[in-house]
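Enquirer: dropping the sequence and predicted coords here.
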Amino acid sequence: MKNKKNYELIWEDCLKIIKDNISLQSFKTWFEPIVPIRFKSKVLTLQVPSHFFYEWLEEHYIDLLKKVIKKEIGADAKLEYSIIMDKSVDKKTPYTVNLPTSSKKNLSNTPVSMPLNIGENPIRNPFVIPGLKKVNVDSNLNPTYSFDNFVEGDCNRLARSAAFAVSNKPGGTAFNPLLVYGGVGLGKTHLAHAIGIGIKNQFPNKTVLYTQAETFTRQFIDSIKNNTTNDFINFYKLMDVLIIDDVQFFAGKEKTQDAFFHIFNHLHQTGKQLVLTADKAPVEMKGIEQRLLSRFKWGLSADVQPPGLETRIAILEKKIYGNGVNLPADVLEYLAYSINTNIREMEGALTSLIAQGSLNKKSITIELAKKMIDKFVKNTAREVSMDYIHKIVCDYFNLPIELLKSKTRKREVVQARQIAMYFAKKMTKWSLASIGAQCGGKDHATVLHACRTVNNLAETDKQFRGYLEDLEKKLNVN
Ligand code: ADP
Ligand code: MG
């Protein structure tokens, strides 16, 4: 008798429960073709015959599936699909992609009651208390911007944990309002949605609204035109959780700030949660009234910074995993190395790369990546990053990067480090001091000395000059 693997046994037990809960016909159609293929670190991987099949399961059976694996494996169990792709190009080996389960929980709000006759077209509903009407509030939440899809790093740790705390206890933490601020494309909007999604998942009855300061402003101006400013303000006062993105947009718009001020006070006093994002810290905001600014500071202001290399790689990995694609590690690293300030840009490059690869049926190689990224970031004044210089130099001399960043004075390390400093000086806008800090904690004089040494050697030593030329070629990806 064949020895059954543990995942086969687990899946058999799951099937028993599933069978009891759905019709035999559905069971035969949708569950018999599934093959369990792996169970590792609490993730059960199921192979399904097609993408359509996967979508159908997610759409119709995900709740059942989740309940069952939770029961069989435990609360932290996860499910993953491996999909056999139709092979039009090469029929020999079926290739598969892995996809995590999504959690498309219901993000919509239950209708809230509002005094009658204050909306544009009051809906008469015999079941509501006279004088009130039900309004539907669209939460505007985007399910892909969840905490699950957000990579935590040193760059965003405080903001993320505060956001997480708020989502578990809206209105019940000291972080009210929670203001997340920082540069473009660093995850503020993502976190803002994640809070809303987290709250809707745990407290489905809370009315959550995500909106952009720009939309808020536009609605407010319309309400003045239509003489419905009271309705506008009353509407916002109904929220349990109000998330306003990019509040810097309120700058210079005094009337809008006024309206927001009243809404803010009402919500805050009644223990409702406010979440705000902005492109800079409150102290640096211009054109916002003092009384509003001081309220922004009542709770917690947490910043998001550009992510370090590891976090960038982790974000890309998460993204391709979510898309069910496979990319060679060197391509991924190259992407992470060369786009280092803006995550949105990095994702954009990744998406075009995947599209390129699949359109032309080309495999995605580092050469393709280089060409693509050059096109992609040409306009954004790309500059070689220190990380990339370190990597190229270390690869070239076959040294671990840690050594180069360490204080060691071993001869070959010292020389590699000097070369890295030389290229950093030549190819980036970093100050001497900051180049030194990134190369083993040296001071600016050491960097200056390194540059001189490298220049001198280049003039006298032919082999050394060869090294520099090679490296320069590698670093100059254009
Ligand atoms: P911002 O609002 O700060 O300009 P966004 O929230 O729109 O930036 O983020 C830009 C893109 O980068 C989004 O697609 C978002 O999902 C992604 N992103 C940003 N930070 C992270 C992170 N830490 N983990 C995963 N994705 C991220
Ligand atoms: Mg944003």
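Expert: Sure thing, it's come through. Here the structure is a predicted model, which is why all the values come from computation and not from measurement. Ligands and ions are numbered 1, 2, ... in the order given.

Enquirer: how about the residues of this structure by ligand 1?
Expert: 145, 149-151, 156, 184-190, 315, 318, 343-344, 347 (CB under 6 Å from any ligand atom). In this view, the C-beta of every residue, glycine as well, is placed from N, C-alpha and C.

Enquirer: report the secondary structure element holding residue 450.
Expert: Here residue 450 sits within helix 444-460, counting by DSSP states H and E.

Enquirer: helices and strands around that helix, which ones?
Expert: helix 411-427, helix 432-438, helix 462-475 (3 or more CB pairs under 8 Å, 6 or more residues apart in numbering; DSSP states H and E).

Enquirer: tell me the angle the longest one makes with helix 462-475.
Expert: This points to helix 411-427. Going by axes from the mean of the first three to the mean of the last three CA atoms, to 10 degrees, helix 411-427 is angled at 50 degrees with respect to helix 462-475.

Enquirer: and helix 411-427, average pLDDT?
Expert: Helix 411-427 shows a mean pLDDT of 91 in the predicted model.

Enquirer: mind listing what's buried in that helix?
Expert: Neighbour counts over helix 411-427 (16 or more other CB atoms under 10 Å) mark 413, 415-425, 427 as buried.

Enquirer: what's the angle from it to helix 444-460?
Expert: With the same axes, to 10 degrees applied, the angle from helix 411-427 to helix 444-460 works out at 100 degrees.

Enquirer: may I have helix 411-427 exported as PDB, CA atoms only?
Expert: Taking only C-alpha atoms (Å, rounded to 0.1, in the frame of the first residue of the first chain), the coordinates of helix 411-427 have been written out as PDB:
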ATOM      1  CA  ARG A 411      44.200  45.300   1.700                       C
ATOM      2  CA  GLU A 412      41.900  44.000  -0.900                       C
ATOM      3  CA  VAL A 413      38.800  45.300   0.900                       C
ATOM      4  CA  VAL A 414      40.400  48.700   1.300                       C
ATOM      5  CA  GLN A 415      41.000  48.900  -2.400                       C
ATOM      6  CA  ALA A 416      37.500  47.800  -3.300                       C
ATOM      7  CA  ARG A 417      36.100  50.200  -0.800                       C
ATOM      8  CA  GLN A 418      38.200  53.100  -2.300                       C
ATOM      9  CA  ILE A 419      36.900  52.200  -5.700                       C
ATOM     10  CA  ALA A 420      33.300  52.200  -4.500                       C
ATOM     11  CA  MET A 421      33.900  55.600  -3.000                       C
ATOM     12  CA  TYR A 422      35.400  56.900  -6.200                       C
ATOM     13  CA  PHE A 423      32.400  55.800  -8.300                       C
ATOM     14  CA  ALA A 424      30.000  57.200  -5.700                       C
ATOM     15  CA  LYS A 425      31.700  60.500  -5.900                       C
ATOM     16  CA  LYS A 426      31.700  60.400  -9.700                       C
ATOM     17  CA  MET A 427      28.200  59.100 -10.300                       C
END
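
Enquirer: report pLDDT for the residue nearest to residue 110 when sequence neighbours are not counted.
Expert: Once its chain neighbours are removed from consideration, residue 110 has its nearest residue in residue 205; the separation is 6.3 Å (CB to CB, 6 or more residues apart in numbering). Model confidence at residue 205, given as pLDDT, is 91.

Enquirer: still on that earlier bit, between the helices and strands packed on helix 444-460, which gets nearest to residue 80?
Expert: The minimum distance between residue 80 and these falls on helix 462-475, with 37.4 Å, by CB to CB.

Enquirer: which parts of this protein are strands?
Expert: Per DSSP state E, the chain carries strands over the ranges 35-40, 43-48, 78-84, 96-100, 112-115, 132-135, 178-182, 208-212, 241-245, 273-278, 300-304.

Enquirer: extract the CA atoms of the longest one and return them as PDB.
Expert: Meaning strand 78-84. This file holds the C-alpha atoms of strand 78-84, laid out as PDB (Å, rounded to 0.1, in the frame of the first residue of the first chain):
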ATOM      1  CA  LYS A  78      -3.200  29.600   4.700                       C
ATOM      2  CA  LEU A  79      -4.200  28.300   1.300                       C
ATOM      3  CA  GLU A  80      -2.400  28.700  -1.900                       C
ATOM      4  CA  TYR A  81      -3.200  27.600  -5.400                       C
ATOM      5  CA  SER A  82      -1.000  26.200  -8.000                       C
ATOM      6  CA  ILE A  83      -2.500  26.600 -11.400                       C
ATOM      7  CA  ILE A  84      -1.700  24.500 -14.400                       C
END
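
Enquirer: check which helices and strands that strand sits against.
Expert: Judged by 3+ CB pairs under 8 Å, 6+ apart, the packing partners of strand 78-84 are strand 43-48, helix 51-60, helix 62-73, strand 96-100.

Enquirer: most tightly packed of those?
Expert: Among those, the stretch with the highest mean neighbour count (mean count of other CB atoms under 10 Å) is strand 43-48, at a mean of 20.

Enquirer: could you say what helices and strands that one packs with?
Expert: On a contact count with 3+ CB pairs under 8 Å, 6+ apart, strand 43-48 meets helix 6-21, strand 35-40, strand 78-84.

Enquirer: would you mark the buried spots in the helix holding residue 450?
Expert: Within helix 444-460, the residues scored as buried using 16+ other CB under 10 Å are 446-447, 450-451, 453-454, 457-458.

Enquirer: that older thread, what's the neighbour count on the residue nearest to residue 110?
Expert: As a burial measure, residue 205 scores 8 neighbours (other CB atoms under 10 Å).

Enquirer: does it touch residue 111 like I think?
Expert: No - counting by CB atoms under 8 Å, residue 205 does not reach residue 111; the two are 11.3 Å apart.

Enquirer: kindly reformat the strands of the chain as JSON lines containing mean pLDDT.
Expert: JSON lines is the format used below for the strands of the chain (pLDDT from 0 to 100):
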{"stretch": "strand 35-40", "mean pLDDT": "89"}
{"stretch": "strand 43-48", "mean pLDDT": "86"}
{"stretch": "strand 78-84", "mean pLDDT": "80"}
{"stretch": "strand 96-100", "mean pLDDT": "64"}
{"stretch": "strand 112-115", "mean pLDDT": "68"}
{"stretch": "strand 132-135", "mean pLDDT": "63"}
{"stretch": "strand 178-182", "mean pLDDT": "97"}
{"stretch": "strand 208-212", "mean pLDDT": "96"}
{"stretch": "strand 241-245", "mean pLDDT": "98"}
{"stretch": "strand 273-278", "mean pLDDT": "98"}
{"stretch": "strand 300-304", "mean pLDDT": "95"}
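
Enquirer: check contacts around the closest residue to residue 281 other than its chain neighbours.
Expert: Distances taken as CB to CB, 6+ apart put residue 181 closest to residue 281, at 5.5 Å, once the chain neighbours are dropped. Residue 181 makes contact with 188, 277-282, 301-304 under the criterion CB atoms under 8 Å, 6 or more residues apart in numbering.

Enquirer: same thing but at 6 Å, please
Expert: With contact taken as CB atoms under 6 Å, 6 or more residues apart in numbering, residue 181 is in contact with 278, 280-281, 303.

Enquirer: just the buried ones out of those, please.
Expert: Neighbour-count burial (16+ other CB under 10 Å) applied to the contacts of residue 181 gives 278, 303.

Enquirer: is it possible to get JSON lines of the contacts of residue 181 that adds distance to ligand 2?
Expert: Converted to JSON lines, those look like this (distance: CB to the ion, whole Å):
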{"residue": "278", "distance to ligand 2": "10"}
{"residue": "280", "distance to ligand 2": "13"}
{"residue": "281", "distance to ligand 2": "16"}
{"residue": "303", "distance to ligand 2": "14"}
